[in-house]
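>>> predicted model, plus sequence, below.
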Amino acid sequence: MEFDVVIVGGGPSGLSTAIRLMQKAQADGQELTVCVIEKGSEVGAHILSGAVLEPRALNELLPDWKELGAPLLTPAREDQFLWLSETGARKMPTPPQMHNDGNYIVSLGNVCRWLAQQAEALGVEIYAGFAGAEVLFHEDGSVKGVATGDMGVDREGHPIDGMYQPGMELHAKQTVFAEGCRGSLSKQLIEKFDLRAGKDPQTYGIGIKELWEIDPAKHQAGKIVHTIGWPVTNDVYGGSFLYHLENNQVAVGYVVGLDYSNPHLSPFDEFQRFKTHPAIRPTFEGGRRIAYGARALNEGGFQSIPKLTVPGAVLVGCAAGFLNVPKIKGTHTAMKSGMVAADTIYDAIRGGLENGVELTAYEDAMKASWVWEELHAVRNIRPGFHKGLLFGLVNAALETYLFKGKAPWTLHHTPDHTALKRAADCPKISYPKPDGKVSFDKLSSVFISNTNHEEEQPCHLRLKDASVPVAINLALFDGPEQRFCPAGVYEYVSVEQNDPDGPKRLQINSQ
């Protein structure tokens with residue numbers, strides 16, 4: 001299938017790209033074909049409710065969003081910033097980046113569904129349930145488009161009688177990769193074209209989130225709470241958020257930077273333990289947990305933004321890493337990057353764009369946008385926490401209040417894995433047993449994540465070297481992957497069922 005533009009990913013950045021393209025085409029009375037593919041069963045299916053949205057980009061994209069019925073229903077009304085000890089909570093001054101006046105607590109899934117409606121009304125073709133499986137290239141090496149995966153195949157990739165449907169090839173003058181953090185196709189492009197040359201390595205966090213329906217007497221629509229400190233130790237970059245949405249719902253989550261040193265740490269269990277704190281537990285007692293999910297987060301910020309263009313394609317949103325870590329917000333920057341990409345692509349198409357051309361003007365336009373300015377101003381805050389919580393807080397205060405984002409230096413990142421110490425050199429961490437009231441186990445959590453996959457579908461996880469997990473990860477680091485995954489995908493099991501103390505192998509529970 002041939003299109004002017006193919007967009008991989010139906011999140012905020014991809015949908016903003018599509019909307020902006022069609023807005024410009026209609027304003028000029030031009031015909032334009034734009035296609036969005038989304039791996040979820042519907043747009044928003046893979047986005048867990050609960051986020052704080054800064055509407056700056058939305059105001060630019062759809063100034064009449066209120067009249068159009070955008071699901072921004074809960075204005076932010078109160079900010080709290082707490083430092084937790086094991087038994088107490090100290091109220092701290094709220095950092096300027098966390099002031100949320102003018103922002104909205106939203107279901108991001110519902111926002112994406114609404115954006116999809118606006119895109120389709122403008123003529124965008126959206127294909128949900130189709131994941132990009134392969135980047136397609138012209139003979140000269142430029143990007144030609146993407147292919148979706150075959151459907152109706154078994155674990156080994158063999159067609160299943162009566163169910164098989166071959167994937168589609170989608171060709172375009174420009175392909176926009178809006179897959180989010182660590183998208184598989186974006187990673188291929190970054191590696192193939194060496195887009196990180198001269199840049200800091202990307203660093204990551206894992207965010208784990210639950211959606212609760214709580215006692216109406218405890219609900220305060222618009223209230224926002226962030227915490228640092230307990231339960232993690234001071235050498236771990238971690239903290240929580242509680243967002244009071246409408247309908248007595250609260251989104252609660254915990255973020256752990258993946259540059260932690262103790263391989264015994266379990267982000268999932270730290271989150272469950274956090275909810276038992278005496279200042280946090282009362283919010284959830286008597287309530288009902290209704291959803292669970294997790295996602296990876298880009299934390300490298302300004303220093304880790306890769307080159308944004310290749311011949312025939314561009315990167316937008318979290319595929320490029322535009323998250324503002326101190327704000328804990330990336331939707332507004334993702335949307336703006338999609339809009340800037342759309343402006344560049346549309347102007348090029350109007351000028352007679354040929355297939356496979358590299359639109360370097362997109363990166364130039366991003367550098368001239370408010371996104372670049374915003375991320376540059378906070379570039380030194382996250383790397384300051386590599387030296388621990390106290391140093392990080394002092395550095396953040398200096399960067400914010402003294403230098404105001406204009407320090408004459410830039411702190412740098414090292415790869416997350418270099419911080420990990422050997423298991424023998426670290427204390428084991430004892431996590432309390434879940435009580436089934438405010439804290440839960442992984443299995444019951446994954447059950448309510450509403451992500452269901454066929455038992456026999458092909459596994460998208462591939463080991464580059466199958467000997468590494470047992471010979472290195474398990475032997476030296478006590479197999480940290482069996483703890484860092486919030487869904488229990490990675491599990492070490494006995495090679496022989498009747499020999500629990502014998503040799504182990506890594507089992508990938510892909511379903």
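That came through, no problem.
>>> and whichever helix in the chain runs longest, what does it pack onto?
Counting residues, the longest helix found in the chain (DSSP state H) is helix 331-350. Applying 3 or more C-beta pairs under 8 Å, 6 or more residues apart in numbering; DSSP states H and E, we find helix 331-350 packed against strand 2-8, helix 12-28, strand 51-53, helix 56-61, strand 169-177, strand 313-315, helix 361-367, helix 370-377. Bear in mind the C-beta positions are built from the backbone N, C-alpha and C, glycine included.
>>> with mean neighbour count, distance to residue 506 and mean pLDDT added, can I get those in JSON lines?
Shown next, in JSON lines, are these (neighbours: other C-beta atoms under 10 Å; distance: least, C-beta to C-beta, whole Å; pLDDT from 0 to 100):
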{"stretch": "strand 2-8", "mean neighbour count": "24", "distance to residue 506": "30", "mean pLDDT": "98"}
{"stretch": "helix 12-28", "mean neighbour count": "25", "distance to residue 506": "33", "mean pLDDT": "98"}
{"stretch": "strand 51-53", "mean neighbour count": "24", "distance to residue 506": "34", "mean pLDDT": "96"}
{"stretch": "helix 56-61", "mean neighbour count": "19", "distance to residue 506": "42", "mean pLDDT": "98"}
{"stretch": "strand 169-177", "mean neighbour count": "24", "distance to residue 506": "30", "mean pLDDT": "98"}
{"stretch": "strand 313-315", "mean neighbour count": "29", "distance to residue 506": "31", "mean pLDDT": "98"}
{"stretch": "helix 361-367", "mean neighbour count": "19", "distance to residue 506": "39", "mean pLDDT": "98"}
{"stretch": "helix 370-377", "mean neighbour count": "18", "distance to residue 506": "37", "mean pLDDT": "98"}
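>>> can you put those in JSON lines and add distance to residue 140?
Output for these, formatted as JSON lines (distance: least, C-beta to C-beta, whole Å):
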{"stretch": "strand 2-8", "distance to residue 140": "18"}
{"stretch": "helix 12-28", "distance to residue 140": "25"}
{"stretch": "strand 51-53", "distance to residue 140": "41"}
{"stretch": "helix 56-61", "distance to residue 140": "34"}
{"stretch": "strand 169-177", "distance to residue 140": "15"}
{"stretch": "strand 313-315", "distance to residue 140": "14"}
{"stretch": "helix 361-367", "distance to residue 140": "20"}
{"stretch": "helix 370-377", "distance to residue 140": "31"}
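>>> to residue 350, which of these lies closest?
Each of the helices and strands packed on helix 331-350 was scored for nearness to residue 350 using C-beta to C-beta, and the closest is helix 12-28 (7.4 Å).
>>> contacting residues around residue 290?
Taking C-beta atoms under 8 Å, 6 or more residues apart in numbering, we find residue 290 in contact with 211, 212, 213, 249, 448.
>>> if you set the cut-off to 10 Å instead, what comes out?
For residue 290, the contact set (C-beta atoms under 10 Å, 6 or more residues apart in numbering) comprises 49, 210, 211, 212, 213, 249, 448.
>>> and if you look at residue 25?
Contacts for residue 25 (C-beta under 10 Å, 6+ apart) come out as 4, 31, 32, 33, 34, 122, 123, 342, 346, 349, 350.
>>> gap between the fifth one and residue 341?
Going back to what we said before, that points to residue 34. According to C-beta to C-beta, to the nearest Å, residue 34 stands 12 Å off from residue 341.
>>> if we can go back for a sec, can you give me the buried ones in the longest helix of the chain?
Buried residues in helix 331-350, counted by 16 or more other C-beta atoms under 10 Å: 331-346, 348-349.
>>> in the stretch 401-511 of the chain, where is pLDDT below threshold?
Residues of the stretch 401-511 of the chain meeting the criterion pLDDT under 70: 451-458.
>>> for it, which segments count as helices?
Assigned helices in the stretch 401-511 of the chain, in chain order: 442-447, 468, 475-477, 481-484 (criterion: DSSP state H, counting those that start in this stretch).
>>> list the contacts for residue 187?
Counting by C-beta under 10 Å, 6+ apart, residue 187 has contacts 177, 179, 319.
>>> next, it: secondary structure please.
At residue 187 the chain is in helix, as set by DSSP: H, G, I helix; E, B strand; the rest coil.
>>> please apply the same query to the one 3 residues further on.
For residue 190, the reduced secondary structure class is helix; criterion used: three-state DSSP.
>>> how about the contacts made by it?
177, 182, 183, 196, 199, 202, 306, 307, 310, 315, 319, 320.
>>> that's all I had, so thanks and see you.
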